[in-house]
Every structure is written in structure tokens, then in C-alpha cells.
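> here's a sequence, model it:
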Amino acid sequence: MHRIERTFAGRPLIIETGRMAKQAAGSCLVQFGDTMVLAAVTVSDKESTLPFFPLTVEYKEKTYAAGKIPGGFIKREGRPRDEEILSCRIIDRSIRPLFPEGFKNEVQVFLYVISADQENKADVLALVATSFALNVSRIPFAAPIAGVRVGRVSTEEGAKPAWVLNPTFQALQFSDMDLVVAGSQDSIMMVEGGANEISEGDVVEALGIAQRGIKELIAMQEELLAKGRADKMAWKKAETPSDIVDRVNAEAKDLVLAAINQKDKQTRVQAVERVKEEVKAKLKLELPPEQHGHIGSVLGDIEYSTLRAQVLDSGLRVDGRKPNEVRAISIDTGLLPRAHGSVLFTRGQTQALVAATLGTANDVQRMDSIDEKGETTKSFMLHYNFPPFSTGEVRPMRGTSRREIGHGNLAERAIQAVLPPFAEFPYTIRIVSDVLESNGSSSMASVCGGSLSCFDAGIPLKGAVAGVAMGLIKEGKKYAILTDILGTEDHLGDMDFKVAGTKDGITSIQMDIKIDGLDLKIMTEALDQAKEGRLHILGEMDKALPAVRPEMSPYAPRIITVQINPEKIGELIGPKGKNIRGIQEESGAEITVDDTGLVTIAAVGQDSMQRAKQMVQAITVEPEVGAVYEGPVKSTTAFGAFVEIMPGSEGLVHISELQHGRTEKTEDVVKKGDRVKVKVIERDERGRLRLSMKALIPKPGADAAAEAPAYSDGAAPAAGEGAAPHEERPRREGGDRGGRGGRGGRGR
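Residues are numbered from 1 along each chain as shown. The predicted model follows:
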């Protein structure tokens, strides 16, 4: 067993190998704080016949890591959660470019989170563990890499925020960015994260901070690798004979150049495929059968080199655009009459139908996580769907793909940064983006359409959000950065760099590359060019829908909140939820109440909402001194009458307050069951209410006014004159509204 321990970002970090999973090709255990990740990698000895490198990454969070038992009936870990899939994608995208070109042996990477301290996130630790496991194994891999999380935290109001590597969950709550960066010793491999409208300069600075942390982690790996590593396995890249390459080039190069320069995607694809089939058919007549398999790979190389050479040499792309030019945009808003907000966003041949739906607090998504102490909820969701017809393909449907989850999360982060706080806009929001056509950057179309659908639904965003996908063609020191890339440019290029944000800054970012890495100079240029493209798209969006609609859809629920005394929660809910269910059934509204006494009322229709509000207030509102109420006389005594001014709240109208002048007997003025108007004239130190009917009756003439009242001091009759004093009356327990201050029977 070999082990190294260092202090990283102020906490102990341990890298260990040789104790666990020793039969794997390579394994590694990384511990940071009390969070631990185990990586195990394996490789097949046989070369795959697939036309691509078969790499599989599996990331599993074991619930025992946090001392939890999985929910549900099965009580074992099932399909991966979205967070696990997103972590898996981060690792896959970081390591895939570093396997040698032409290597086709299947590789599997397994990552288990086996301890979670609920302070340190495991995804960046898993990246370090994966890198070391691959490098210590016999699998060919370029060099160690590492990943870090970068935050910028303000600890005190008004203080300058400080850069933090691998911030804890608690620190991230005070950070204006959450950026995961993977890289090698000299370059950036992968970027993923969100931010609160930060500038391009801030992103570059964050990448520089990340690079320093990455170098520190790579140095730890190299120190441990020096103590022992396996010899790399022997493999051989399939080489095409040079005479076949020359023959296919001579036959196909000019034809591919003509075919690839088509503005329409389907026309371009069909033209290129037609050239390939014609060349294959012709050359198969000339070449021996054992060489036929090389023809297709050479044709693919010709398409790859032709597109790239044209961009670098002429500055023109296959659809005729310049490198920094955005495709034509068209936008239709309010397309779906019953949806709360809808937009059809089309950019070139990429099209997304995006709908926003408003729900109540009961519609939040509830999630279990090993990173949280209890169940968490999510009140904003963006779901991205990519059906086969969007690319004109026929392929099997097997549920939501990892790509769909990743693209949806990217778009969700972009819009989440500009949402109003839940306390100000207490709706659950779900956005669905159905991609109807795809020819590059459908996730960024989902960002644009998602932002506009919120505007259409009347959701008060801080500002519109747009996104653009950037590409790169790089040969040696020569390179070109492309704005708003096509699917072909993504496939044959070196980078897919997505940047989303408002006019004021970046809210979401994602970068994947297919080469060994990028330096900060190219990253800076790409960010600046992306800003130009984003501002152009925002201008087009502004033409279609410049501001949030002042009115929501008539089919959307209206939500209001009422703050009640927390001591009244039990009365509102009633025994076993009887009261709150009764309000919902009678009004048609949906009502929720939290432990702070915040009551949320949601209803489609103003009448329903107002009726529910009145009923809630009738149970929970505290009577105000000086206010006038109407209610039934609940009982009469020798010294006055008790009147219920609101459900559960009674007060005494002393006999001297029934009318002007002397009253001989309470029943001469009021009887049990009468409805009377009263004014609250006093609340004593024990919370008892004194009411008056006299205060609402005009004073009589001078003669009547001269008569002395029977109880001018307002005192209650002495014990023995009749009924017991009010404070000695039996206190009501239970009942429809529960005892005052009681919380039994919340039904939760």
C-alpha cells in the first residue's frame, strides 16, 4: 500500500492505493475531510469492433456513506440520481480526450462515494481518484489531471469577496459562483458551473486560481506514482496504407469539398454521404477485398480535414457564415393557449418548443441526498428532451439520457440565477424544452426559449438570459474560434464551449474539448467572442418580447401569502387537518402552512382565493383594539354577554356596555344567538377582550345622558352576584379549531 497526505485548501487530503479493489487494473482512494471516494478502473484485453472508443464511467453515491438507508420499498440504491449523472459526465468529459487516438479497448471506470461528511463535495475528489487509478494502471493514458471547485465567497457585508478552492457546502451558500475546472499541468480540459452574472474577466481569473490548485494536486499524484506503477499494455493503432490514403484522397477530396459546403443540414449530410457511397463503390472495384475496410475511415478523415482547412484558410464556414456570425433567429411567443407561458425559438436549423408551468408549494420536487442532513426540495426545474426526429433519425427510446439530463441542468443553472426569491414569488416553476430540430446548440436554444417562456408566463426575472455555443478549430499554432456552431462543426471541431448569461454577466458555463487542453489566452478570446454573440441574441429576443408580461395566464394559479401567529397554526389546521381541509373543499383553493406561520394560498380564480383568505383570517387573525366586529351572542350572564367576534375568539360585553343608561337585566338587551355589532375596547394583560355595543350607539339627549350608569367603573359584579367571573369559565379544549395555543392535530 502507498499513501500520501498533504494539506490542500486548508484541509487534509489523502491519496492512497493498494489497499482496496486490488484486482482492478488500477484503484485509488481519495479522502478530503471525512469525504472518501474509491475509484477502480478496468480494461479489456481485446480491441473493440465499435467505430468509437468504448469508455464507460459509473458514479455511485452509497447511502451508507452518510449513515442513511435508501427510501422507497426496495431499500437499496437504484438508478442514479441526476446529481450522480452530472458528476459522472464531469469525469467522462475530462478524461476522454486523454486516451490515445485509435485506442479501442473497452475501459470502465467505477467511482463509489463511500463516506460523505456533508461538508465537502465528492465530484472533484472522484476526478483526482480517476486520474490516479488510470495512471497507476496498465491502461494507456496521457498524464495525471486533477479537478477543483472554485468559489468566490463574501464572509462579511461590504467586504471584498475571496477566492476559495474546494469550498464547503456552507461556504457555497455565500459564493457568487460554483465552477468545477479540470486540467492538466499546463492547460484546461473541462469547465462546468454557474454564477450570479459574473464578468468574463472574473471567469478567466477563476480559471487561473483553479490552475494553481490543479498543479498542486497533480504534484501529489506524481509523487505517489513514483513509488510504483504498472507497465502500460501493448496495443497497436490500425494504420491505413499510404497508397490507399493517396488513392482515396485523389478520388474524393474535391467532391467532399463541394458536398460539405451546403447551408441546409440535410442537404449537406445527404451530399456528403452520396459522395462517400460513390467513392466506396468505385474503389471497391479497384482494391482487393482486404483493403475495403480502410476506405470509410479515410473518407471520414477527408471530411474532417476539409472542413477544418477551409475555416483556417478562408475564414468561411460550411454554411457560408463568418467565424463570429450568429445564424438567423425567429421567435414566436404565446404559442400554446393553455400553457402558462410558451415560446417557439428557432435559430438556423435548431428549434426548441419551450413551455413554462407555474405550480404551488405542493409541487416542489423532493429529493434524498447524502450531501444533506434531511430531505431537500427544489422549486425550479428545467427539463430538456431530445427526441430522435429532431435530427431526422430513427433510434430506440430508452428513457431520459445522460446527455438530456446534462443539457437540462446547464440550461436550468443559466435561468436560476435570475429567478425571483421564493418568498417574493412563491411559485414552483417547471420549464420543459422539447427540441424539435437540432443542428448545433439545442441546449442554448433551450436557455433562450426558457427565459422567454418565463417572460410570457409573467415570471419576474431579473433580466433575459441567452446562450451561445462556441467552437474551435486548432492546428498547431493556428486556430479559429467559431460562434454558434453547427452540429458538423461540433463533431469535427476541437471544442464545444457553451456560455449563457444576461447583458450584465455570465450565469452558466460548460466547456468540453477533444484535444489535450487549452491555454487561458484562447479561453479569454472565446469568452469575449461569446459575449458578442450573447448580446446579439439578447437583442433579437428583446424585439420579440422586451419585458415580462404584466398579467399571468388566466389558467395559472394565483398565489398569495398570509402571515399568522405561529401559535394559531394548530387552530388553522384543526384536529387531524379538519379545518384546513374544510377551507380547501369550500373555497377550491390549495393551502399550505409552514412552521413560521406563513400560509400560502393558491387558486385559479380570484373569488376562490379571496374566499380562502377570508376563511383563514377568520380563524387566525388576532382581534384589534378599536376594530368593529359582528358575531353571535354565545351566552348571557348577570354581568353581561359573551360574543364570538371571530371563530375561537370571544369577548365580554359588560352589562354597562350594552347600551346607554342603566340596564337591569342582560336579557333585556340581547339574548343567546343574537348577532350583534361590537367594538373591541380593551385587551387585558391576560389576553381577554372587553367589548362594547354602547360605543357604536349614538349618545341620547342630555336628560338621558345625565342618568348615572349602573357600573360606571366598568367592574364586573362581585362573586356571589350571579355568574362566575370570566376567567373562571371552563376553557374550551379541542373542538373544530383546537385549543388556543395548542398545536395538537396539525395532521402533518
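
> stretch 644-660: end-to-end distance?
22 Å (Cα to Cα, to the nearest Å).

> mind checking the pLDDT average for it?
Stretch 644-660 shows a mean pLDDT of 86.

> now stretch 121-137
97.

> please apply the same query to stretch 27-44.
98.

> export it to CSV, keeping only CA atoms.
What follows is stretch 27-44, C-alpha atoms only, in CSV (Å, rounded to 0.1, in the frame of the first residue of the first chain):
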residue,chain,number,x,y,z
SER,A,27,-7.6,1.7,-8.0
CYS,A,28,-7.3,4.7,-5.8
LEU,A,29,-8.9,6.0,-2.6
VAL,A,30,-9.1,9.8,-2.1
GLN,A,31,-10.1,11.4,1.2
PHE,A,32,-10.8,15.1,1.9
GLY,A,33,-12.1,15.9,5.3
ASP,A,34,-14.3,12.9,6.0
THR,A,35,-15.5,12.5,2.4
MET,A,36,-14.0,9.5,0.7
VAL,A,37,-14.2,8.3,-2.9
LEU,A,38,-13.0,5.0,-4.3
ALA,A,39,-12.0,4.7,-8.0
ALA,A,40,-11.5,1.4,-9.8
VAL,A,41,-10.6,1.0,-13.5
THR,A,42,-10.6,-2.0,-15.7
VAL,A,43,-9.7,-2.6,-19.4
SER,A,44,-10.5,-5.3,-21.9
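
> give me the buried positions along it.
Neighbour-count burial for stretch 27-44 flags 27-33, 35-43 (criterion: 16 or more other Cβ atoms under 10 Å). Bear in mind the C-beta positions are built from the backbone N, C-alpha and C, glycine included.

> now, those that are in strands?
Counting by DSSP state E, the members of the buried residues of stretch 27-44 that fall within strands are 27-32, 35-43.

> between the buried residues of stretch 27-44, which is nearest Thr561?
The closest of the buried residues of stretch 27-44 to Thr561 turns out to be Thr35 (Cβ to Cβ; 38.1 Å).

> for the closest one, list each beta-bridge partner.
On the basis of DSSP bridges, Thr35 is bridged to Phe32.

> can you tell me how far it is from Glu119?
Noted for Thr35: a distance of 7 Å to Glu119, by Cβ to Cβ, to the nearest Å.

> could you do Ser175 as well?
Applying Cβ to Cβ to Ser175 and Glu119 gives a distance of 14 Å.

> more crowded one of those two?
Ser175 (21 against 16; other Cβ atoms under 10 Å).

> that one - nearest residue in space that isn't next to it in sequence?
Gly151 (3.7 Å; Cβ to Cβ, 6 or more residues apart in numbering).

> now do the same contact list for that neighbour.
163-164, 167, 171-172, 175, 177-179 (Cβ atoms under 8 Å, 6 or more residues apart in numbering).

> state the mean pLDDT of the one helix or strand it maps to.
Element membership of Gly151 [criterion: DSSP states H and E] is strand 146-153. Taken as a whole, strand 146-153 has an average pLDDT of 97.

> in that strand, what counts as buried?
Buried residues in strand 146-153 (16+ other Cβ under 10 Å): 146-153.

> with distance to Val593 added, can I get those in a markdown table?
Listed next are those as a markdown table, based on distance: Cβ to Cβ, whole Å:
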| residue | distance to Val593 |
| --- | --- |
| Ala146 | 48 |
| Gly147 | 43 |
| Val148 | 43 |
| Arg149 | 37 |
| Val150 | 40 |
| Gly151 | 35 |
| Arg152 | 37 |
| Val153 | 34 |
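
> how about the helix or strand that Val311 is a member of, which residues are buried there?
Using DSSP H and E, Val311 sits within helix 292-314. Within helix 292-314, the residues that count as buried by 16+ other Cβ under 10 Å are 294-295, 298-299, 302-303, 306-308, 310-311.

> nearest residue to Ser401 other than its sequence neighbours?
Phe386 (7.3 Å).

> burial measure for the one you found, as a count.
21.

> Arg6 belongs to a helix?
No: Arg6 is assigned strand when assessed by DSSP: H, G, I helix; E, B strand; the rest coil, not a helix.

> hey, what's it bridged with?
With DSSP bridges as the rule, Arg6 is bridged to Leu13.

> that one touches Gln31, doesn't it?
No: counting by Cβ atoms under 8 Å, Arg6 sits too far from Gln31 to count as a contact (11.6 Å).
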